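Engineer: Take a look and give me a structure for this.
(one chain, ligands or ions: 2)
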Amino acid sequence: MLRRCLAGGLALVYPADEGAYSEEGERSVWLMRLRDAALTDELLREIPKAELHIHIEGSLEPQMMFEIAARNGVRLRYGSVREVREAYDFADLQTFLDLYYEGTRVLLHERDFYELTFAYLQKATSQGVRHAEIFFDPQAHTDRGVAFETAITGIHRALLDGQRRLGVSSHLILCFLRHLSADEAAETMRRALPYKGQIVGVGLDSSEVGHPPEGFKAVFEEAARHGFHRVAHAGEEGPPEYIRQALDELGAERIDHGVRCVEDPGLVRRLRDEQVPLTVCPLSNVRLRVFPSVEEHPVKRMLGEGLCVTVNSDDPAYFGGYVADNYCAVRDGLGFAREDFRAVAENSFRASFLGEGEKKELLEVLASYFET
Ligand code: ADE
Ligand code: ZN
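Structural biologist: Ligands and ions are numbered 1, 2, ... in the order given. The predicted structure follows:
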């Protein structure tokens, strides 16, 4: 069902490890840069694309954090927007998450969730996003005494307005926080059921190492019984084994991040053969020190090896860029070429949870963009 992606054919165009580590490779990257001088920022922003990995709470820009904090009477640890930005120097996933959860404290009312979500959709559409599948972390709110209903109602109303006013379609994915217990995840699932029609799927996020996917098998089975799609963060900081567990124990249809698969050739073969979509977030991985730089990020190699790669932003307010900024980063750092961008954009629509008719329409829009 989801396992038909385009990336495979690209291996013929750009061999698996081209440009990555050898001197000869560096020359190739340089040549590709010359060849793709026409790939301007504007062009990359205009590519019709889907974003499949974005945490709505991670799109809270410092400016908005201050505005909402002021109107809600929430005291922040920082004195200014500049101070907040200065704090965005992360050692790893956990140091980021500590700030991310701190930021969510300003979100109290339905209006806050609405404004957060609508602002993301405005930004995303200005970067070519035609369809977004958006994560939200209800436990980050319910644990602070904010009702599930408050969060989802505000987000959902913004998604409807996004479709009506901006022409962007969207789906919502409820993520369970893996640093909390499986019982708490099950309770969150129960709270979500009255809103079943507003949620397309479930995911698994937060602190990865030490919280393997297998612990959430039962709640993912329950989600499947209710007809939800299933995705999971795996292989971001955690080992390749977590990717296998996400597939085999949780029935994940997409893997969020998945970049540590490159350490395990057998797993890479499996992901390629099954065309499991990977929602890769290059700027996030550099900011969270999974890789030292975009130049050393494996996303180009992964695409060359025939994996179903998509490029996404993760937590754009914290990691220095929205989805098209990530496209620009892989152009500059890895020499992504026109056909690479075409492949990741095609993959983004194919790997989405849209219906076949909607996918076909968006793929036609994309094809005409590249053919004119
Ligand atoms: N929650 C928000 N961003 C995340 C990330 N990059 N990994 C895991 N959980 C997250
Ligand atoms: Zn994420």
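
Engineer: ok, and the closest non-adjacent residue to residue 171?
Structural biologist: residue 200 (3.8 Å; Cβ to Cβ, 6 or more residues apart in numbering). Every C-beta, even on glycine, is put in place using the N, C-alpha and C of the backbone.

Engineer: Just give me the neighbour total for residue 180.
Structural biologist: For residue 180, the neighbour count with other Cβ atoms under 10 Å is 17.

Engineer: phi, psi of residue 127?
Structural biologist: Dihedral pair for residue 127: phi -110, psi 20, per degrees, to the nearest 10.

Engineer: Tell me who's in contact with it.
Structural biologist: 45, 322-325 (Cβ atoms under 8 Å, 6 or more residues apart in numbering).

Engineer: 7 Å - rerun?
Structural biologist: If you count contacts by Cβ atoms under 7 Å, 6 or more residues apart in numbering, residue 127 has them with 45, 322-324.

Engineer: Kindly reformat those as JSON lines containing secondary structure and distance to residue 110.
Structural biologist: Shown next, in JSON lines, are the contacts of residue 127 (DSSP: H, G, I helix; E, B strand; the rest coil; distance: Cβ to Cβ, whole Å):
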{"residue": "45", "secondary structure": "helix", "distance to residue 110": "31"}
{"residue": "322", "secondary structure": "coil", "distance to residue 110": "24"}
{"residue": "323", "secondary structure": "helix", "distance to residue 110": "26"}
{"residue": "324", "secondary structure": "helix", "distance to residue 110": "30"}
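
Engineer: In CSV, list those along with pLDDT.
Structural biologist: CSV is the format used below for the contacts of residue 127 (pLDDT from 0 to 100):
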residue, pLDDT
45, 98
322, 98
323, 98
324, 98
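
Engineer: Read off the pLDDT value for the residue in the chain positioned nearest to ligand 1.
Structural biologist: At 3.5 Å from ligand 1, residue 205 is the closest residue in the chain, using Cβ to the nearest ligand atom. Predicted confidence (pLDDT) for residue 205: 98.

Engineer: was I right about it contacting residue 234?
Structural biologist: No: at 10.1 Å, residue 205 does not count as touching residue 234 under the criterion of Cβ atoms under 7 Å.

Engineer: higher neighbour count, these two?
Structural biologist: residue 234 (30 against 26).
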